[in-house]
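Participant: no sequence for this one, just the structure:
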Ligand SMILES: [Zn+2]
Ligand SMILES: [Zn+2]
């Protein structure tokens, strides 16, 4: 604490700390700085006008020179910074102990959220993950008046029911459903309302294959089960189904028309294929007895996977798979 009363300067000569010169009391006015200086300063060096100096002179009002005022402000700022940092630390401690306080974690996790979203969305797109998926269509949606969890539970139950129906009671363990969700946006029920497909994730590729192998031979009502195919394959499939239907309308026996990946086979011959999303007839000049790869846009051999593409017509799917060798 600076002394309340400046020492009598008459007995001593002082050096002004601002200009480092002697203070000549006979010609110069001076003022005592109660700050760091703790000594006499020239009035001018203390930044005082004559009027201000005469008002202060002889009073007990503490005076701080500009330098000391800045020093005091710096110390105040430092002290406030320290308090703020202490408060922040205590706040962090509190929020880490109670996860219910949501504002700071949300604020800090905002930059990481887009990454998380991208990660979640990229997962089901990869073929590696599609292997575990099946898409079920034709399962009615629960009314939207029911709660989300009730609807989710009903959907899960229905999917389990369909699988056990498809596999039969004595055909090994029931498949373990890891996840199931409706695909696409919810539409409010109307005249043209169709239930959204359900994407089901199973525990193993084996289970997926087990179910698909039963789909072609078992009747499972209005529910259709297919692989979780990439968009291009689904598009090709719907184009082929349309073409198949128009051929049946035109009089072709439905039993001779088969789907093979992105091609339509008639009597084992490639009739046409889906190229860039539209149906293209196969070359007409090739002999029907030949099945050379040249006339086949897709040279991929028929595999079990290709033959498991479901059709909209169950009578057709009950026929044995067609062979390219015939
Ligand atoms: Zn001075
Ligand atoms: Zn000072």
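Facilitator: Perfect, thanks for sending it. Quick caveat, the model's predicted, so the values are computed rather than measured. Ligands and ions are numbered 1, 2, ... in the order given.
Participant: how about the helices in the stretch 201-326 of the chain?
Facilitator: 205-215, 231-249, 304-307, 314-317 (DSSP state H, counting those that start in this stretch).
Participant: what helices or strands is the first one leaning on?
Facilitator: Using 3 or more Cβ pairs under 8 Å, 6 or more residues apart in numbering; DSSP states H and E as the contact criterion, the elements in contact with helix 205-215 are strand 133-137, helix 148-167, strand 224-227. C-beta: built from backbone N, CA, C; applies to glycine.
Participant: so which elements touch the very next helix or strand once past the second one?
Facilitator: By that I understand helix 148-167. Sequence order places strand 177-182 as the next helix or strand after helix 148-167, per DSSP states H and E. Applying 3+ Cβ pairs under 8 Å, 6+ apart, one finds that strand 177-182 contacts helix 148-167, strand 198-202.
Participant: among the helices of the stretch 201-326 of the chain, which is nearest ligand 2?
Facilitator: helix 231-249 (77.6 Å; Cβ to the ion).
Participant: quick check: buried residues in the closest one?
Facilitator: By 16 or more other Cβ atoms under 10 Å, the buried positions in helix 231-249 come out as 233, 235-237, 239-241, 243-244, 247.
Participant: among the residues you listed, which two are most distant?
Facilitator: Taking Cβ to Cβ, the two most distant members of these are 233 and 247; they sit 20.8 Å apart.
Participant: near ligand 2, which residues of this protein?
Facilitator: Within the chain, the positions adjacent to ligand 2 are 33, 35, 37, 65, 68 by Cβ under 5 Å from the ion.
Participant: confidence score at the fourth one?
Facilitator: Residue 65 is assigned a pLDDT of 93 by the prediction.
Participant: verify the stated contact: it with residue 35.
Facilitator: Yes. Residue 65 is within contact range of residue 35, at 6.3 Å (criterion: Cβ atoms under 8 Å).
Participant: give me the more crowded residue out of those two.
Facilitator: Taking other Cβ atoms under 10 Å, residue 65 and residue 35 do not tie; residue 65 has more neighbours (24 against 18).
Participant: who's in contact with that one?
Facilitator: 18, 33, 35, 37, 41, 45-47 (Cβ atoms under 8 Å, 6 or more residues apart in numbering).
Participant: how about the contacts made by residue 68?
Facilitator: By Cβ under 8 Å, 6+ apart, the contact list for residue 68 reads 33-37.
Participant: at 6 Å instead, please
Facilitator: Neighbour list for residue 68: 33, 35-37 [criterion: Cβ atoms under 6 Å, 6 or more residues apart in numbering].
Participant: and the residue of the stretch 51-200 of the chain that's closest to ligand 1?
Facilitator: Counting by Cβ to the ion, the stretch 51-200 of the chain gets nearest to ligand 1 through residue 65 (9.7 Å).
Participant: right, I'll leave it there.
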